[in-house]
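J.: Mind folding the following:
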Amino acid sequence: MYAGLVVIGAALGIGATVGIPAADAEAPTSIRTAATVAIDALTSSSAEDARTSIPAGFAGAFYSPTIENGLLVNPDGGCSSPIPLPHEFDTACKAHDLGYDLLRFGSAAGAPSTREARKALDTQLAERTHDTCTSRSGIGSRTLCYTLSTVASDAVEFNSWRQRFAAPSPEPMLPYLIASGLGVGALMAASCSVSIAAPLRAERRRAERSRARTQGGRVAAA
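T.: Numbers count the residues shown, from 1 in each chain. Model prediction:
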């Protein structure tokens, strides 16, 4: 996976200038903190169960999570990209934002979450955004949606790898770097959808011409 993320980073212009962080910046691997327990619930349980796992003090330090479309979310969250992402991604991004805020809360309280916690949040974001694309009709629309999901999710995972899966820290340029990747991805998706749709349109035209000839022959015979 990391090799693929490095490729994404290079495409976004990050990999060549940013090295692997120092080992002491890594998140713990096995400590079960309150934030880790909450993130486990957020990624594997119902929204109601996840809400009961939010650590005491989180609401006062951040906000009170709410349930939206069956997911526990940051009510003021969203997808961080200068280029608008598909509206279907919105709830998944809000849930991911809540997870990242839980990581920050745990770190600030001196009880950081595990590496696996941030990995689970990123994996869930990728799965949820990808799954929302299935509701779209049309090959081109679905292809574009899948491509944007993959590019955005890979960029998020690349950034987590860069930060050693510890609590998220500010990345002022990351949204713009992601936007560059999304632009490339959109062009690739458009090209792919055209290459897929063109043969389908040609086949449909051939079928229509064949039906027209058949119908014409029947009329003449009559």
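
J.: May I ask which helix or strand of the protein has the lowest mean pLDDT?
T.: helix 2-12 (a mean of 42; mean pLDDT, DSSP states H and E).

J.: which of the residues in stretch 74-85 are buried?
T.: Judged by neighbour count (16 or more other CB atoms under 10 Å), stretch 74-85 contains these buried residues: 74, 77, 79-81, 83, 85. (C-beta placed from N, C-alpha, C; glycine too.)

J.: Tell me the one of these nearest Thr52?
T.: Asn74 (17.2 Å; CB to CB).

J.: shouldn't the closest one be in contact with Ala92?
T.: No. Applying CB atoms under 8 Å as the test, Asn74 and Ala92 come out as separate, 11.7 Å apart.

J.: element containing Asp154?
T.: helix 139-162 (DSSP states H and E).

J.: Please export the C-alpha coordinates of that helix as PDB.
T.: Provided in PDB are the C-alpha atoms of helix 139-162 (Å, rounded to 0.1, in the frame of the first residue of the first chain):
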ATOM      1  CA  ILE A 139     -21.100   4.700 -16.800                       C
ATOM      2  CA  GLY A 140     -19.400   8.100 -17.000                       C
ATOM      3  CA  SER A 141     -20.900   9.500 -13.800                       C
ATOM      4  CA  ARG A 142     -20.000   6.300 -11.800                       C
ATOM      5  CA  THR A 143     -16.500   6.200 -13.200                       C
ATOM      6  CA  LEU A 144     -15.800   9.800 -12.300                       C
ATOM      7  CA  CYS A 145     -17.200   9.300  -8.800                       C
ATOM      8  CA  TYR A 146     -15.100   6.200  -8.200                       C
ATOM      9  CA  THR A 147     -12.000   8.000  -9.500                       C
ATOM     10  CA  LEU A 148     -12.500  11.000  -7.200                       C
ATOM     11  CA  SER A 149     -13.100   8.600  -4.300                       C
ATOM     12  CA  THR A 150      -9.900   6.800  -5.000                       C
ATOM     13  CA  VAL A 151      -7.700   9.800  -5.500                       C
ATOM     14  CA  ALA A 152      -9.000  11.700  -2.400                       C
ATOM     15  CA  SER A 153      -8.800   8.600  -0.200                       C
ATOM     16  CA  ASP A 154      -5.300   7.800  -1.300                       C
ATOM     17  CA  ALA A 155      -4.200  11.300  -0.600                       C
ATOM     18  CA  VAL A 156      -5.600  11.100   2.900                       C
ATOM     19  CA  GLU A 157      -3.900   7.800   3.500                       C
ATOM     20  CA  PHE A 158      -0.600   9.200   2.200                       C
ATOM     21  CA  ASN A 159      -0.800  12.100   4.600                       C
ATOM     22  CA  SER A 160      -1.500   9.700   7.500                       C
ATOM     23  CA  TRP A 161       1.600   7.700   6.500                       C
ATOM     24  CA  ARG A 162       3.600  10.900   6.400                       C
END
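
J.: average model confidence for it?
T.: Throughout helix 139-162, pLDDT has a mean value of 92.

J.: swap in stretch 33-48?
T.: Per-residue pLDDT over stretch 33-48 has a mean of 94.
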